[in-house]
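> After the sequence you'll find the predicted model.
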Amino acid sequence: MSHGYQPLDRDERDDEESVRVIRRAVELGIDLFDTADVYGPFTNEELLGRALRPYADQVRVATKCGLVSGPDGKFSRDGRPEHIRRACDASLRRLQVDTIDLYQLHRVDPAVPLAETWGALSELVTAGKVRGLGISHATPDELEQVHALFPVTAVQYELSVWCTASLEDVLPWCRKNSVGFLAFAPVGRGFLTGVLERVRLPEDDSRSRDPRFTPEAMDANRAIIDGLRRIADRHGATPAQVAIAWVLDQGDNVVPIPGTRHRRWLEENAAATQLQLTAADLAEVDGLPAPIGEMSWDNTRAVTAVQTPDTAHA
């Protein structure tokens, strides 16, 4: 809505329509909204705060900290306690809430002891500024470490028909410890909708740097869409709905968080909750070919943290 796969200038955004989309989501019974201070940066929290202000007692808001966008648009990590505290106060103002329901560490900062970062986050719960803590893209060892210090409420990771790495270790850890799992990109960053099958992404689209979205990979990965479409046709559904229903089937603690800027796709996504996949359907999904160019998001942990001037107050 204000941050996405391509740079969005203010004149390219439609904030009024975005507000309508968010409020339509509330009407449909959606009650968890996930954002981050780095989205925009900052503009996405402001938009969400404005849209949800009349529904504060009906919804839960999740946001993130610890990932910083520099003047050149490149991301760095900042897990310093002083940054975490300032970032939380700034997010509270932008979201127009007294308490953040779920506050998540966006990425682990290798330059700061994780215990220090998590300790600062837990202090926010004690102070009443945050209800629960989450973490994104943490290893099982890191999850064990922080969970022993202060309980993890939810873990966020990419999970979809074509990105299943978290099924091997992270999701089982969440099940074992009764921790929620927020599945981002459940429709494969748009690819699993079937809309992008023959689209060539522009260079300024961040997906163009994802190996799964090279022209050659997209051509090969069409077989995945064909399989989802076969299942969808049997149910009078769409490939995106099958993809979301598959994520929902991975466990009662799994919550898919698809994103959209349009009411049409919002309503389609929400309707996926009514789609009951059969055992045969699930077996057919499991038998789909592995994606060409699958990206391992664990590689993002190898990025060296470069701490930029603190801009969380902006």
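Nice, thanks for sending it over.
> For the rest of this, base every contact and every neighbour count on C-alpha atoms.
Noted.
> Low-confidence regions, this structure specifically.
Applying pLDDT under 70 to the chain flags residues 7-11, 198, 294-314.
> could you pull out the strands for it?
For the chain, applying DSSP state E gives strands covering 32-34, 60-65, 67-69, 75-77, 100-105, 130-136, 154-158, 180-184, 254-257.
> Need the residues that contact the third one.
Strand 67-69 is touched from outside by 38, 41, 75-78, 106-107, 308, with contacts defined as Cα atoms under 8 Å, 6 or more residues apart in numbering.
> try the first one
Residues outside strand 32-34 that contact it (Cα under 8 Å, 6+ apart) are 59-63, 257.
> do that again at 7 Å, thanks
Taking contacts as Cα atoms under 7 Å, 6 or more residues apart in numbering, the residues outside strand 32-34 that touch it are 59-63.
> Closest one to residue 48 out of the residues you listed, please.
Proximity of the contacts of strand 32-34 to residue 48 (Cα to Cα) peaks at residue 61, which lies at 8.8 Å.
> For the closest one, list the residues it contacts.
Neighbour list for residue 61: 32-34, 100-102 [criterion: Cα under 7 Å, 6+ apart].
> So which residues of the stretch 201-314 of the chain form helices?
Using DSSP state H, counting those that start in this stretch, the helices of the stretch 201-314 of the chain run over residues 215-220, 222-235, 239-248, 263-271, 279-286.
> Neighbour-wise, give me the winner out of the contacts of residue 61.
residue 100 (25 neighbours; other Cα atoms under 10 Å).
> which residues touch that residue?
Taking Cα under 7 Å, 6+ apart as the contact definition, residue 100 lies against 61-62, 92, 129-131.
> Please repeat the previous calculation with a cut-off of 10 Å.
For residue 100, the set of contacting residues under the criterion of Cα atoms under 10 Å, 6 or more residues apart in numbering consists of 60-64, 88, 91-92, 124-125, 128-133.
> cool, residue 95 as well?
The contact partners of residue 95, by Cα under 10 Å, 6+ apart, come to 37, 42, 44-53, 61, 63.
> try it again with 7 Å
45-46, 48-49.
> excluding its backbone neighbours, what's nearest it?
In space, not counting the residues next to it along the chain, residue 95 is nearest to residue 49; the distance is 3.9 Å by Cα to Cα, 6 or more residues apart in numbering.
> Distance-wise, check that neighbour relative to residue 98.
Distance from residue 49 to residue 98, counting by Cα to Cα, to the nearest Å: 11 Å.
> circling back: of the contacts of strand 67-69, keep whichever come out buried.
Listed as buried from the contacts of strand 67-69 are 38, 41, 75-78, 106-107; burial here means 16 or more other Cα atoms under 10 Å.
> of these, closest to residue 17?
In terms of Cα to Cα, no member of the buried ones among the contacts of strand 67-69 lies closer to residue 17 than residue 41, at 19.7 Å.
> follow-up on the earlier one: kindly reformat the contacts of strand 32-34 as a markdown table containing distance to residue 275.
Below are the contacts of strand 32-34 laid out as a markdown table (distance: Cα to Cα, whole Å):
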| residue | distance to residue 275 |
| --- | --- |
| 59 | 24 |
| 60 | 24 |
| 61 | 26 |
| 62 | 26 |
| 63 | 28 |
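> List buried residues within these.
Neighbour-count burial (16+ other Cα under 10 Å) is assigned, among these, to 60-63.
> Can you convert those into TSV and add a column each for distance to residue 235?
As requested, the buried ones among the contacts of strand 32-34 are arranged in TSV below (distance: Cα to Cα, whole Å):
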residue	distance to residue 235
60	31
61	33
62	33
63	35
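> Out of those residues, which is nearest to residue 283?
Closest approach to residue 283 among the buried ones among the contacts of strand 32-34 (Cα to Cα): residue 62, at 33.1 Å.
> and the residue in the chain sticking out farthest from the centre, how far is that from residue 278?
When distances to the mean C-alpha position of the chain are computed (Cα atoms, centre = their mean), the maximum falls on residue 234, with 29.2 Å. Residue 234 sits 11 Å away from residue 278, going by Cα to Cα.
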